[in-house]
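>>> model this:
(one chain, ligands or ions: 2)
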Amino acid sequence: MGKVTGFMEFERLEEGYKPVVERLKHYKEFVVGLDEDQAKIQGARCMDCGTPFCNSGCPVNNIIPDFNDLVYSGDWQNAITVLHSTNNFPEFTGRICPAPCEAACTINVNGDAVGIKSIEHAIIDKAWAEGWVQPQPARHKTGKKVAVVGSGPAGMAAAQQLARAGHDVTVFEKNSRIGGLLRYGIPDFKMEKTHIDRRVAQMEAEGVVFKTSTLIGAIPEGLKVTNDAKTVVSAEDLKAQFDAVLLTGGSEQSRDLPVPGRELDGVHFAMEFLPMQNKVNAGDKLKGQLRADGKHVIVIGGGDTGSDCVGTSTRHGAVSVTQFEVMPQPPEQENKPLVWPYWPLKLRTSSSHDESAEKGILQREFAISTKEFIGKNGKLTGLKTVHIEMKDGKLVEVAGTEKEYKADLVLLAMGFVNPVATVLDAFGVDKDARGNAKASTEFTGGYITNVAKVFAAGDMRRGQSLVVWAIREGRQAARSVDEFLMGCSDLPR
Ligand SMILES: Cc1cc2nc3c(=O)[nH]c(=O)nc-3n(C[C@H](O)[C@H](O)[C@H](O)COP(=O)(O)OP(=O)(O)OC[C@H]3O[C@@H](n4cnc5c(N)ncnc54)[C@H](O)[C@@H]3O)c2cc1C
Ligand code: SF4
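Ligands and ions are numbered 1, 2, ... in the order given. Here you go, the predicted model:
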């Protein structure tokens, strides 16, 4: 609970950022975390509110008041034990989680929430630095074999839990490196990839086998998803070789914008653009990198992926970056008593927006819809838009607001519609109405699909979501798989 009067004595302290001019020269992380004393003071602000809404606001149900108190009293080693008891990878969430816990913090009703994410970040970084994060191999092996298909945060969390329960776990990944969207979608400046490599080494020491460049099932030719597969294993072979199979292949099918001119050279999915920069940062030599240097860039989509395109384009040296959002501009500040403890709709300005704005190249447009891409000799030169408004619950065009924008590069960042259907079809897994793998999240028997011994979790089951939800689903699915194999399970959910 921290210090009884801490929330009245101390202000919320945000993590710092390195200066824009400096950080735009590279792709490395630039957040300056809290030092130990600052984290202690932040922990002191946790106020023994009685019902810690933060704990249920956090998708992995981190036991936040307890680790706040431990940090306040300087017991960092127990703080990481508490944090690890619910979250396999706090260094991921401590960097890139949007922190719904803070929206739910009781102080946030009429004040500034405890900086929970910054405390989480400080605890795990100290734990790694002190050598407290060590492999935890199982004491007894069960002799059961589990295949995990996909190595994003859901697959990694599940594999770690299952290996610690004593199963022989093999993770299959079609890309050449482990990590899913953490590795190829999320830019290094938000999370450097050494954090994934360190966990892979820990998991290998716990007995997990990683098979990269290995596709399970089939992906249609020409489908624009990251795929470095050199080996293909059929769903039937996998089912025959393993006692259980967990599908954590993500929701990889990008949402398209099929308006006239979509075929022009210069219109790309965000997930064609971002993975290339992450690969180059990792030292890959690409034949031709899609770059934004000297270009007028338009990013269509106002979410995280769009913001990552803004940050990457700015680093490339784009002449201008314009971001479109189809919905109207939300309020700068939410009406807290109305929305607390839920995640509020409000204008979010990311560090990438700040950088681009400081360079004077950012324009953000709301309530705008793209009607047509225009070009010359097959090459994109611009696009046509119209403003829209909400009328009777529907978005309608506003007459007379048609406009043309110059563009050399358009990045489609409108989210993901569903998993690649052929992967689910290869296993004969039923889909829900949105095309995701159909499986419940029941305490007992959850995450299993209609196919015997085949489970599904993460974005592949719930649709496009967050890293922290993927970790939750991976952990919960691991418990279900363990129960299925052993009749009961000691794994926490
Ligand atoms: C650009 C971008 C930025 C984002 N930023 C954030 C953020 O800041 N914070 C946040 O919380 N979330 C963010 N997200 C969302 C987050 O990354 C995802 O919700 C999360 O990674 C989903 O985890 P997952 O394990 O379910 O799937 P994924 O991370 O998508 O991993 C799935 C893996 O399965 C592999 N795979 C698929 N099919 C097969 C097959 N048949 N055989 C073998 N391998 C297969 C894929 O190659 C992939 O590696 C972002 C997403 C994107 C695209
Ligand atoms: S994982 Fe996310 S929601 Fe949970 S405590 Fe950390 S920052 Fe908050």
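>>> Any stretches of the stretch 201-350 of the chain with poor pLDDT?
Under the criterion pLDDT under 70, no range of the stretch 201-350 of the chain is flagged.
>>> Could you rerun that using 90?
221-222, 287, 337 (pLDDT under 90).
>>> all strands for it, in order.
209-211, 214-216, 231-233, 244-247, 253-254, 267-269, 296-300, 320-325 (DSSP state E, counting those that start in this stretch).
>>> now do the stretch 51-200 of the chain
145-149, 168-172.
>>> between the strands of the stretch 201-350 of the chain, which one is nearest to ligand 2?
Closest approach to ligand 2 among those is made by strand 244-247 (21.7 Å; Cβ to the nearest ligand atom). (C-beta placed from N, C-alpha, C; glycine too.)
>>> what's in contact with the closest one?
144-150, 155, 158, 238-239, 423-424, 427, 429, 437, 447, 449, 453-457, 460-461, 477-478, 481, 484-485 (Cβ atoms under 8 Å, 6 or more residues apart in numbering).
>>> show me which of these neighbour ligand 1.
149, 150, 155, 423, 460 (Cβ under 6 Å from any ligand atom).
>>> In helices only, show me the residues you listed.
155, 423, 460 (DSSP state H).
>>> Show the end-to-end separation of stretch 372-388, please.
With Cα to Cα, to the nearest Å as the measure, the ends of stretch 372-388 fall 15 Å from one another.
>>> Tell me the buried residues in that stretch?
Within stretch 372-388, the residues that count as buried by 16 or more other Cβ atoms under 10 Å are 373, 374, 375, 380, 381, 382, 383, 384, 385, 386, 387, 388.
>>> Return the longest helix seen in the chain as PDB; C-alpha atoms alone will do.
The residue-count maximum for a helix in the chain (DSSP H) belongs to helix 467-486. C-alpha atoms of helix 467-486 as PDB (Å, rounded to 0.1, in the frame of the first residue of the first chain):
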ATOM      1  CA  VAL A 467       0.800  -7.600 -25.700                       C
ATOM      2  CA  VAL A 468      -0.600  -7.800 -22.100                       C
ATOM      3  CA  TRP A 469      -3.700  -9.600 -23.300                       C
ATOM      4  CA  ALA A 470      -1.600 -12.000 -25.300                       C
ATOM      5  CA  ILE A 471       0.500 -12.800 -22.200                       C
ATOM      6  CA  ARG A 472      -2.700 -13.400 -20.200                       C
ATOM      7  CA  GLU A 473      -4.200 -15.700 -22.900                       C
ATOM      8  CA  GLY A 474      -0.900 -17.600 -23.200                       C
ATOM      9  CA  ARG A 475      -0.800 -18.200 -19.500                       C
ATOM     10  CA  GLN A 476      -4.400 -19.200 -19.200                       C
ATOM     11  CA  ALA A 477      -4.200 -21.500 -22.300                       C
ATOM     12  CA  ALA A 478      -1.100 -23.200 -20.800                       C
ATOM     13  CA  ARG A 479      -3.100 -24.000 -17.700                       C
ATOM     14  CA  SER A 480      -5.900 -25.500 -19.900                       C
ATOM     15  CA  VAL A 481      -3.400 -27.600 -21.900                       C
ATOM     16  CA  ASP A 482      -1.700 -28.800 -18.600                       C
ATOM     17  CA  GLU A 483      -5.100 -29.800 -17.200                       C
ATOM     18  CA  PHE A 484      -6.000 -31.600 -20.400                       C
ATOM     19  CA  LEU A 485      -2.700 -33.500 -20.400                       C
ATOM     20  CA  MET A 486      -2.500 -34.300 -16.600                       C
END
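>>> circling back: please produce JSON lines containing the strands of the stretch 51-200 of the chain, extended by mean neighbour count, mean pLDDT and distance to residue 280.
Listed next are the strands of the stretch 51-200 of the chain as JSON lines, based on neighbours: other Cβ atoms under 10 Å; pLDDT from 0 to 100; distance: least, Cβ to Cβ, whole Å:
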{"stretch": "strand 145-149", "mean neighbour count": "26", "mean pLDDT": "98", "distance to residue 280": "27"}
{"stretch": "strand 168-172", "mean neighbour count": "24", "mean pLDDT": "98", "distance to residue 280": "25"}
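>>> Can you tell me which of the ones in helices among the ones next to ligand 1 among the contacts of strand 244-247 is closest to residue 264?
residue 423 (29.7 Å; Cβ to Cβ).
>>> any idea how far the closest one lies from residue 175?
14 Å (Cβ to Cβ, to the nearest Å).
>>> do residue 224 as well
14 Å.
>>> Looking at the two, which is more packed in?
residue 175 (22 against 13; other Cβ atoms under 10 Å).
>>> measure the residue of the chain most remote from its centre to ligand 1 for me?
Taking Cα atoms, centre = their mean, the residue of the chain most remote from its mean C-alpha position is residue 400, at 38.8 Å. Residue 400 sits 35 Å away from ligand 1, taking Cβ to the nearest ligand atom, to the nearest Å as the criterion.
>>> Quick check: the residue of the stretch 101-250 of the chain nearest ligand 2.
residue 101 (3.2 Å).
>>> Let me know how buried that residue is, in neighbour terms.
29.
>>> Check residue 32 too.
Residue 32 sits with 10 neighbouring residues when counted by other Cβ under 10 Å.
>>> Which residue is the nearest non-sequential neighbour of it?
residue 16 (3.8 Å; Cβ to Cβ, 6 or more residues apart in numbering).
>>> Number of residues surrounding the one you found?
11.
>>> Quick one, grab the pLDDT at it.
We have a pLDDT of 96 for residue 16.
>>> From what I see, residue 243 and residue 162 are in contact.
No: Residue 243 is beyond contact range of residue 162, at 10.9 Å (criterion: Cβ atoms under 8 Å).
>>> Identify the contacts common to those two.
Contacts common to residue 243 and residue 162, judged by Cβ under 8 Å, 6+ apart, are residue 146.
>>> Neighbour count for those two, which is higher?
Between residue 243 and residue 162, residue 162 has the larger neighbour count (other Cβ under 10 Å), namely 31 against 17.
>>> residues in contact with the more buried one?
Here residue 162 is in contact with 146, 148, 169, 478, 481, 482 (Cβ under 8 Å, 6+ apart).
>>> Now distance to residue 307 too, for these, in a markdown table please.
Compiled in a markdown table, those are given as follows (distance: Cβ to Cβ, whole Å):
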| residue | distance to residue 307 |
| --- | --- |
| 146 | 36 |
| 148 | 30 |
| 169 | 34 |
| 478 | 31 |
| 481 | 35 |
| 482 | 38 |
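>>> how about the residues you listed, which pair is most distant?
Most distant of the contacts of residue 162, by Cβ to Cβ, are 148 and 482, 13.0 Å apart.
>>> ok, back up a step: just the contacts of residue 162 now: which is nearest residue 220?
residue 148 (23.1 Å).
>>> thought the closest one was touching residue 157?
No: counting by Cβ under 8 Å, residue 148 stays clear of residue 157, with 9.9 Å between them.
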